[in-house]
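Asks: Predicted model follows, preceded by the sequence.
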Amino acid sequence: MIHIENLEFTYSNSNKKAINNMDFSIKKGEIFGFLGPSGAGKTTTQKLIIGLLRNYNGSIKVFGKERNLWGKEFYEDIGVAFDFPNLYLKLTALENLKLIGAYYKNGRRDPSSLLERVGLLPDKDVRAENFSKGMKMRLNFVRAILHNPELMFFDEPTSGLDPVNAHIIKDIILEQKSAGKTIFLTTHNMSVAEQLCDRVSFIVDGKIVVTGSPKDLMLEHGRKIIRIEYLKDDKLVCEEFEMRSLGHNQNFIEILNKYEVKTIHSCEATLEEIFIKLTGKNLL
Amino acid sequence: MRLINALISDIKFQSKQGFYLVYVIITAMYLIILSLLPENITSIALPLVVYSDPSVLGLFFIGGIIMLEKGQGVIQVLIVSPLTTGEYIVAKVISLTIVSVAAASAITALSFDGALNWAVFLVSVALTSGIFTLCGVVINAGCTTVNQYILKTIPYMLLLVLPCFSILGSNLLYPLTLIPSVAALRLMLGAFSETVWYESAALILYLFMANFLLYKYAVKVFEKKTVYQD
């Protein structure tokens, strides 16, 4: 779906490469997360793929064709939700969807059912200027998928949302994946990446540091131990055990049989820990 | 079809933002002022008032519209949609031209009962509107604030409007008609007086060409300064 090779890009007002020798591919039907701190090059990469930046070196192939050879028809199959809501403030939610939807040839989804899906149907006739930030973000999100695009770009899709609405958005993203759509997600929210992405890339200073599935990365960089908390003489005791041969570890078995166990956890690394370990930088 | 949808969008946007209400108020003000003038002055003042409507007002209106779209971020959404830059600009030109033609027709019909070549008059309003709207798109392309736009508009206004006074002077200044704003005013004045048909035809042809070239330039500048961010 997307194939990036030796990508380099420098802004015209800078002499420092914003993107430096970047390679990655995204398969059809995949949710690919681009993770990194602000200024790492996430948005620049997204803009290069979308076509808002030109004059790059290397190759960006989307739908099998070099990006700079695509015309405006490219956007028929692309959906973009930016990290802040871009709405006609004086128009209602429904008018916002109908107005932008009118520019696409593709079979459009029913705006009302999309609004219902994100809990905005009762407010369909309310002007966007009267929406809270969360409501604007939800409207912004459904507008990006209104024309049923094959490839979607979501920039911090759950930013500004409460946990219930964030959950709804994440569910919709997973539904899109199930329908065979490809999703490019830029975020610095590790938990969103963990929950949604098939693969993630960590990006720092315009370079990809590592790419892999969140699960594989977490296992690879984690400690192969389990941590158990149990009550002993009315005191909470915590102990760690090697995972290997755990079933034959008499001490561990004794704890299970003799004491009241409160928690048992494996100690795989979090994406945030891996990021800091590999880059020496924080994500914020 | 996309162009028609863009036009409908623009009309809806301008209406909801209150631009048409402003136009109605200004048109009413013009009508009141013209009704207070003696009849012999009205015939001179009317073409100038009508000319200022699509030109000066048009220039500020297009600036305001694009700045609002930039401010609300919708321009970014339009850029990543199949709508082309050309369609975006043409829709703006047509929507503002419709308003200009309607306002100019209302002012003229209600305040003037002398001889008037309506066909030339309406064409001159439309072509003037096109020239100034396209200038507004060009000026606006690199602006991020309304103040910036207003400041950048001043030299353009001087360059476009000051030469218009040449029409009052001797025929030696006729070559200034090469400036599209002068050609547009000359065409409009011609609608109110007995002008030879071939002069009007030549001016119309010239203004069509000027609109086309300006449109091409506006697309280029808009893409360079607003669409692409490199």
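Replies: On my side now, so go ahead.

Asks: burial of the residue of the stretch 51-200 of chain A found nearest chain B, as a residue count?
Replies: Nearest residue of the stretch 51-200 of chain A to chain B, counting by Cβ to the nearest Cβ: residue A:86, 3.1 Å away. Any C-beta I mention is one placed from the backbone N, CA and C, and that applies to glycine too. By the criterion of other Cβ atoms under 10 Å in any protein chain shown, residue A:86 has 22 neighbours.

Asks: and it, which of the three is it?
Replies: Three-state call for residue A:86 (DSSP: H, G, I helix; E, B strand; the rest coil): coil.

Asks: show me the contacts for it.
Replies: A:140, B:72, B:73, B:74, B:76, B:77 (Cβ atoms under 8 Å, 6 or more residues apart in numbering or on different chains).

Asks: Which of those sits closest to residue B:35?
Replies: Closest approach between the contacts of residue A:86 and residue B:35, by Cβ to Cβ: residue B:72, at 38.8 Å.

Asks: Figure out how far the longest helix seen in chain A is from the centre of its chain.
Replies: For chain A, the helix that runs over the most residues, judged by DSSP state H, is helix A:163-178. From the chain centre to the centre of helix A:163-178 is a distance of 11 Å (Cα atoms, centre = their mean, to the nearest Å).

Asks: how about that helix: buried residues?
Replies: Going by neighbour count (16 or more other Cβ atoms under 10 Å in any protein chain shown), the buried part of helix A:163-178 is A:165, A:166, A:168, A:169, A:170, A:172, A:173, A:176, A:177.

Asks: so what pLDDT did the last one get?
Replies: Reading off the per-residue confidence, residue A:177 sits at a pLDDT of 93.

Asks: what's near enough to touch it?
Replies: Here residue A:177 is in contact with A:29, A:30, A:31, A:183, A:198 (criterion: Cβ under 8 Å, 6+ apart).

Asks: So which of those belong to helices?
Replies: Among the contacts of residue A:177, no member lies in helices (by DSSP H).

Asks: can you put these in CSV and add neighbour count?
Replies: Output for those, formatted as CSV (neighbours: other Cβ atoms under 10 Å in any protein chain shown):
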residue, neighbour count
A:29, 16
A:30, 17
A:31, 23
A:183, 24
A:198, 16
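
Asks: For my notes, please list these in JSON lines and give pLDDT and distance to residue B:155 for each entry.
Replies: Listed next are those as JSON lines, based on pLDDT from 0 to 100; distance: Cβ to Cβ, whole Å:
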{"residue": "A:29", "pLDDT": "93", "distance to residue B:155": "54"}
{"residue": "A:30", "pLDDT": "95", "distance to residue B:155": "52"}
{"residue": "A:31", "pLDDT": "95", "distance to residue B:155": "51"}
{"residue": "A:183", "pLDDT": "95", "distance to residue B:155": "47"}
{"residue": "A:198", "pLDDT": "93", "distance to residue B:155": "55"}
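
Asks: In chain B, what residue lies closest to chain A?
Replies: Closest point on chain B to chain A, by Cβ to the nearest Cβ, is residue B:73, at 3.1 Å.

Asks: Report how many residues lie close to that residue.
Replies: Counted with other Cβ under 10 Å, residue B:73 comes out at 16.

Asks: Over to residue B:32?
Replies: By other Cβ under 10 Å, neighbour count at residue B:32 equals 10.

Asks: pLDDT score assigned to it?
Replies: Value listed for residue B:32 in the pLDDT field: 89.

Asks: State the helix or strand in which it lies.
Replies: Using DSSP states H and E, residue B:32 sits in helix B:19-36.

Asks: Please report how far the residue lying closest to residue A:184 once chain neighbours are set aside lies from residue A:228.
Replies: What sits nearest to residue A:184 in space, not counting adjacent residues and going by Cβ to Cβ, 6 or more residues apart in numbering or on different chains, is residue A:153, at 4.9 Å. Separation of residue A:153 from residue A:228 (Cβ to Cβ, to the nearest Å): 43 Å.

Asks: do residue B:202 as well
Replies: Residue B:202 is 94 Å from residue A:228, by Cβ to Cβ.

Asks: So which residues on chain B come close to chain A?
Replies: B:2, B:5-6, B:8-9, B:12-13, B:16-17, B:72-74, B:76-84, B:227-230 (Cβ under 8 Å from any Cβ of the partner chain).

Asks: Please pick the buried ones from those.
Replies: Here, 16+ other Cβ under 10 Å leaves B:2, B:5-6, B:9, B:12-13, B:16-17, B:72-74, B:76-84, B:227-228, B:230 buried among the residues of chain B next to chain A.

Asks: so what's the residue most central in space within chain A bridging to?
Replies: Taking Cα atoms, centre = their mean as the criterion, residue A:185 is the residue nearest the geometric centre of chain A, at 3.6 Å. Counting by DSSP bridges, residue A:185 is bridged to residue A:33, residue A:154.
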